[in-house]
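[1] One predicted model, sequence on top.
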Amino acid sequence: MPDVIGLGEIMVQFNAVTPGPLRYVTYFEKHAAGAEANVTVCVRRQGLSSGFITRLGTDEFGIHLYNWLRGEGVDVSQIKFDPAAPTGIYFVQRGFPIPGRSSIVYYRRGSAASKLSEEDIDPEYFANAKIFHLTGITPALSESTLKASKKAVERARNHRYKLSFDTNIRPQLWKGAEDVTKTLLPSVEQADILFTDLADTMILLGEKDVDKAIESYLSMGIKIVVFKLGTKGAIAASKREKVKARGYQVTVVDPIGAGDALAGTFLGCIIKGFDLEKSLKFAVAAGTLVVTVRGDQENLPTQRDLEEFLRVFEEEK
Ligand code: KDG
């Protein structure tokens, strides 16, 4: 049984080879991506086991994504194929209108993954898991994905595995801020490990002070809060300690997927028994590596890659 289980949608990402408005882009590069799936692949790179629960279409893209996950060593035993629905895809526009940032255009409504339901949560599969990882994306996809998410979250409370939750608010998937808060706060409150940032926290708590926000999250009973600060690094806090990891200056090609690299690496490090400071340092380094290329998963590092990265970057400090 896997150490870490993810639930959600993996899609084919078509990433613009050249920056600028999509209407002028001629070439797109195909990648496998999706927040929770990125985390399961990241955990594998960290040398641990992981499994992914989803539904895929029986189209070429569904087969590609299944083979991709299998190739990365993610357990695919819980993936179902739906011949009546397509596999979701999305396009990435890079560097416009804000250099160094990307934006997303989804073609995922009615996708096979949006039909995930409570039936897809097999309690047996979770029996020996250490962590269940979910983000704010999966509950936003449909009524049935919301129910499936709730079922897995509720089980975390009564079982040995921990709930890791990344707020990952994607405004395109929601009706408005009220809808987000009502739907996601119950999962946030039950999380053992929370990943978030200022933009999401302003929506969820209406708080713009990072330290106050961390205190609020901890007072909900969350054991570890990881607060991402973009290029400035991140903070990890528990009731007992608060540590900061600095960011690294690199050339940003596409920032999408950095948060998942950070989350997956942090979870892997915590499972390995590393302390908060070391876990966060590795996690920020992993997120940094991902922004230097197109695609969310290709640059996910191993432990050895991270040690090499830190050796060079820390020497330059
Ligand atoms: O975290 C990266 C993801 O946002 C990206 O891969 C696309 O999963 C995705 C989504 O639903 O936005």
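    Perfect, thanks for sending it.
[2] what sits against the residue in the stretch 51-200 of the chain that the ligand sits nearest to?
    Taking C-beta to the nearest ligand atom, the ligand has its nearest neighbour within the stretch 51-200 of the chain at residue 137, 4.2 Å off. In this view, the C-beta of every residue, glycine as well, is placed from N, C-alpha and C. By C-beta atoms under 8 Å, 6 or more residues apart in numbering, the contact set of residue 137 is 8, 9, 34, 35, 36, 168, 170, 173.
[3] Correct me if wrong: the third one contacts residue 10.
    Yes - under the criterion of C-beta atoms under 8 Å, residue 34 lies in contact with residue 10, with a separation of 4.0 Å.
[4] helix or strand right after the host helix or strand of residue 267?
    Per DSSP states H and E: residue 267 is located in helix 258-271. Of the helices and strands lying after helix 258-271 in sequence (DSSP H and E), the nearest is helix 276-290.
[5] What about the ligand: which of the contacts of residue 137 touch it?
    34, 35, 170 (C-beta under 6 Å from any ligand atom).
[6] Count the neighbours of residue 304 for me.
    9 (other C-beta atoms under 10 Å).
[7] got the residues of this structure near the ligand?
    Residues of the chain lying near the ligand (C-beta under 6 Å from any ligand atom): 33, 34, 35, 104, 137, 170, 256, 257, 259, 260, 296.
[8] Which of these fall within helices?
    35, 259, 260 (DSSP state H).
[9] which one of those is nearest the ligand?
    residue 35 (3.9 Å).
[10] and the closest residue to that closest one other than its chain neighbours, how far is that from residue 39?
    By the measure of C-beta to C-beta, 6 or more residues apart in numbering, the closest residue to residue 35 outside its immediate chain neighbours is residue 135, 4.5 Å from it. Here residue 135 is placed at a distance of 8 Å from residue 39 (C-beta to C-beta, to the nearest Å).
[11] got the buried residues for stretch 146-165?
    146-153, 155-156, 161-165 (16 or more other C-beta atoms under 10 Å).
[12] same check, this time on stretch 70-80
    So stretch 70-80, judged by 16+ other C-beta under 10 Å, has buried residues 72, 74, 75, 76, 78, 79.
[13] what does stretch 10-20 give?
    Applying 16+ other C-beta under 10 Å to stretch 10-20 flags 10, 11, 12, 13, 14, 15, 16, 19 as buried.
[14] cool, stretch 53-61 as well?
    In stretch 53-61, the ones that count as buried by 16+ other C-beta under 10 Å are 53, 54, 55, 56, 57, 58, 59, 61.
[15] and which of those is nearest to residue 276?
    residue 53 (28.5 Å; C-beta to C-beta).
[16] The closest one against residue 10, yeah?
    No - applying C-beta under 8 Å, one finds residue 53 not in contact with residue 10, separated by 10.5 Å.
[17] how close does the nearest residue to residue 241 once chain neighbours are set aside sit to residue 282?
    Leaving aside its sequence neighbours, residue 241 sits nearest to residue 276 (C-beta to C-beta, 6+ apart; 6.1 Å). Counting by C-beta to C-beta, the separation of residue 276 from residue 282 is 11 Å.
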